[in-house]
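Student: Just to be clear, the model below is a prediction. Sequence and coordinates:
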Amino acid sequence: MNRPKVQKYVKPKHIDDYPVGPQFTAGFLAETNAGWRTFRPIIDKNLCINCLRCYIVCPDGVIFKSENKVDVDYDYCKGCGVCAHECPVNAIKMVKEELL
Amino acid sequence: MSKKLFISGDEAVAIGTKLSRPNVISAYPITPQTVTVERLSEMVESGELKAEYMHVESEHSAMSAAMGVSAVGARAFTATSSQGLLYMAEGLHYASGGRYPIVMMNANRSLALPWSIYGDQRDSLSLLDSGWIQVYVEDAQEALDMIIQAYKIAENKDVLTPFMVNLDGFVLTHTYELVEIPEQEKVDKFLPPFQTPNKMSFEEPKNMAFSTTPADNLEYKYQQNRAMLNSIDVINDVDKEFGDKFDRYYGGMVQEYRCDDADVVIFTLGSITGTVRMIVDKLRDEGKKVGLLKIRYMRPFPEKEIIKLAGKVKAIGVVEKDISFGYEGTVYTNVNSALSKLDNAPLSLDFLCGMGGRDVSKSDIYNMFISLFKAVNGEKQKRVQFINMGVETDE
């Protein structure tokens, strides 16, 4: 699971440094985008069976594996709750952000 | 050996397209373009042209599909006219902004309402700002040749801008002429396969057609304008290279006719050029110093060529099948903008004619020259004249 890293965007100095038209190498993430999340999915790693159903259903592709455990990229998770709803073992709980 | 065929303008475009080896044709039929896309679909069906033919459900889809084709590095062709062109208007800006060098034939036809299938140039001229290169051809031979040249110009790495080849509806699309068909082998040498940096591929994945904030949007618009200005040199170079290989030179941005010592010159766009050329010859026989400037490209605009000629003449008449309601003809507005850069600009008159398919006769053209001579001699003439109005208007 190669996940693109957030990189700082520096505006080009010269017009020739811009790409030709609005196209650029895929995966250049310049900004995070999760500001409107009100509920945060939290995975109980003891209950999780690594089935990756959450990975398949996540509309934003923010589920990933770290050290062989399923995790969520909170920089891009919008808190829709689909993962929690679909988890077959109820390992994901939606917790209100302000309570965290 | 190249051969000659007796064909219509629509068929000439189809053959020019076939010779350019497009990978995909996405088009929706509309009068008077229909024969072009029918011929192309027949060529694909018979295997004569190795391409995909997409029967799309609308012109908007035709343009959207053409962008998809171009975005995987393939060569796209589409064709339309009038209402169809307007229906794909959103796509036109999208394609030019995305720098997809699509080539499109547009059969110039009037716009509704009142509904009319006859020819005029209001369709393409109303989309002058869509970021497409626009050429206007005079006959079927030029139509065929310009499809081939269009790909070469549009796909140039300094241009990467879509290209619209305009030909007058019916007058060119449905009139039969003897047209020389270039040999495929020579066309292949002239027009290499399409290469683009903007290509969707598994090897080099790209985020294509992205959004920008106000912090970057202007730079992309500047780039588009620069690419269009770059195309001027490319247009002239390609015209020369084409002429060297196929023995037909069109003059690049404009084509002058008997302008050398002319006092009065008429500017034209499209098929009316042939009629004006005849009247220039007639007036020259009478000893009048007249000439003709065929504006071939409306975008980019031949500002430099017009300024150079205008500095030597006393009066310019613009003949156009168009009006921008509430002002004047769009070609006239563009010509006058070029003239404003001269210290002593010649006087200019606008002759609006041929709209909705109304005939423009030799005597109409003759009278335009007479009006220009009267203006030169200080006799007041209307700046914007409706030619061949069938009724009194109390003006």
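Tutor: Received the coordinates, thanks.
Student: all contacts plus neighbour counts: C-alpha atoms, from now on.
Tutor: OK.
Student: mind listing the helices for the chain?
Tutor: Reading this off chain A. A:53-57, A:82-86 (DSSP state H).
Student: You answered for a different chain; I wanted chain B.
Tutor: Along chain B, the stretches classed as helices by DSSP H are B:9-19, B:34-46, B:59-71, B:82-87, B:89-97, B:122-125, B:140-154, B:184-190, B:217-246, B:272-285, B:303-310, B:330-339, B:362-376.
Student: sorry, back to before: and among the helices of chain A, the most buried is which?
Tutor: For the helices of chain A, the largest average neighbour count (mean count of other Cα atoms under 10 Å in any protein chain shown) is found in helix A:82-86, namely a mean of 18.
Student: That one: how far from the chain's middle?
Tutor: Put simply, helix A:82-86 sits 14 Å off its chain's centre (Cα atoms, centre = their mean, to the nearest Å).
Student: And stretch A:59-75, by the same measure?
Tutor: Stretch A:59-75 has its C-alpha centroid displaced from the chain centroid by 6 Å (Cα atoms, centre = their mean).
Student: Show me what from chain A comes close to chain B.
Tutor: Chain A comes close to chain B at residues A:11, A:15, A:18, A:20, A:21, A:22, A:23, A:24, A:25, A:26, A:27, as judged by Cα under 8 Å from any Cα of the partner chain.
Student: show me where pLDDT drops low in chain A?
Tutor: A:1-2 (pLDDT under 70).
Student: Try it again at 80.
Tutor: Of all residues in chain A, those with pLDDT under 80 make up the ranges A:1-4, A:100.
Student: quick one, what contacts the residue most central in space within chain A?
Tutor: With distances taken as Cα atoms, centre = their mean, residue A:62 lies nearest the centre of chain A, 2.5 Å away. Residues counted as contacts of residue A:62 (Cα atoms under 8 Å, 6 or more residues apart in numbering or on different chains) are A:55, A:72, A:73, A:74, A:76, A:77.
Student: Distance of the nearest residue to it once chain neighbours are set aside relative to chain B?
Tutor: Closest residue to residue A:62 apart from its sequence neighbours, by Cα to Cα, 6 or more residues apart in numbering or on different chains: residue A:73 at 5.1 Å. Distance of residue A:73 to chain B, given as Cα to the nearest Cα, to the nearest Å: 21 Å.
Student: Would you mind confirming that residue A:73 is in contact with residue A:65?
Tutor: No. Residue A:73 is beyond contact range of residue A:65, at 9.9 Å (criterion: Cα atoms under 8 Å).
Student: Any idea how many residues pack against the residue lying closest to residue B:319 once chain neighbours are set aside?
Tutor: Residue nearest to residue B:319 in three dimensions, not counting chain neighbours: residue B:351, with 4.9 Å by Cα to Cα, 6+ apart. For residue B:351, the neighbour count with other Cα atoms under 10 Å in any protein chain shown is 26.
Student: what about residue B:351, distance to chain A?
Tutor: According to Cα to the nearest Cα, residue B:351 and chain A sit 39 Å apart.
Student: Domain ranges for chain B, per the record?
Tutor: B:3-246, B:254-386 (automatic domain parsing).
Student: State the mean pLDDT of the last one.
Tutor: If I follow you right, that is domain B:254-386. Throughout domain B:254-386, pLDDT has a mean value of 97.
Student: how distant is it from the center of its chain?
Tutor: Mean C-alpha position of domain B:254-386 versus that of the full chain (Cα atoms, centre = their mean) differs by 18 Å.
Student: Highest mean neighbour count out of the domains of chain B?
Tutor: Of all the domains of chain B, domain B:3-246 has the most neighbours on average by mean count of other Cα under 10 Å, namely a mean of 21.
Student: now the end-to-end length of it.
Tutor: By Cα to Cα, to the nearest Å, the extent of domain B:3-246 from end to end equals 12 Å.
Student: Quick one: check it for contact with chain A.
Tutor: Yes. Interface with chain A: domain B:3-246 contributes B:97-99, B:197-198, B:204-211, B:216, B:219-220, B:223-224 (Cα under 8 Å from any Cα).
Student: so who does residue B:130 touch?
Tutor: So residue B:130 contacts B:89, B:92, B:93, B:96 (Cα under 8 Å, 6+ apart).
Student: Spell out which residues sit in contact with the first one, please.
Tutor: The neighbourhood of residue B:89, defined by Cα under 8 Å, 6+ apart, consists of B:60, B:127, B:130.
Student: Look up how far chain A lies from the first one.
Tutor: Taking Cα to the nearest Cα as the measure, residue B:60 falls 21 Å from chain A.
Student: Identify the residue spatially nearest to that residue, adjacent ones excluded.
Tutor: residue B:88 (4.3 Å).
Student: got it, and the second one?
Tutor: The shortest distance from residue B:127 to any residue other than its chain neighbours is 7.5 Å, reached at residue B:89 (Cα to Cα, 6+ apart).
Student: and the gap between that neighbour and residue B:135?
Tutor: With Cα to Cα as the criterion, residue B:89 and residue B:135 are 18 Å apart.
Student: do the same with residue A:69
Tutor: From residue A:69 across to residue B:135, the span is 61 Å (Cα to Cα).
Student: Now do the same contact list for the residue nearest to residue B:60.
Tutor: Residue B:88 sits in contact with B:59, B:60, B:61, B:62, B:63, where contact means Cα under 8 Å, 6+ apart.
Student: Could you dump those residues into JSON lines with pLDDT and distance to residue B:151 added?
Tutor: Output for those, formatted as JSON lines (pLDDT from 0 to 100; distance: Cα to Cα, whole Å):
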{"residue": "B:59", "pLDDT": "98", "distance to residue B:151": "21"}
{"residue": "B:60", "pLDDT": "98", "distance to residue B:151": "21"}
{"residue": "B:61", "pLDDT": "98", "distance to residue B:151": "21"}
{"residue": "B:62", "pLDDT": "98", "distance to residue B:151": "18"}
{"residue": "B:63", "pLDDT": "98", "distance to residue B:151": "16"}
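Student: tell me which of these is nearest to residue B:256?
Tutor: Set against residue B:256, the nearest of those by Cα to Cα is residue B:63 (34.3 Å).
Student: which residues does the closest one contact?
Tutor: The neighbours of residue B:63, taking Cα under 8 Å, 6+ apart as the test, are B:26, B:78, B:88, B:91, B:92, B:95.
Student: Next one: it from residue B:104, what distance?
Tutor: Here the criterion is Cα to Cα. By it, residue B:63 lies 9 Å from residue B:104.
Student: what sits in contact with each of the two?
Tutor: residue B:78.
Student: For the residue nearest to residue B:60, give me phi and psi.
Tutor: phi -90, psi 10 (degrees, to the nearest 10).
Student: Pull up the per-residue confidence for it.
Tutor: So residue B:88 comes in at 97 (pLDDT).
Student: what's the answer for residue B:1, then?
Tutor: 67.
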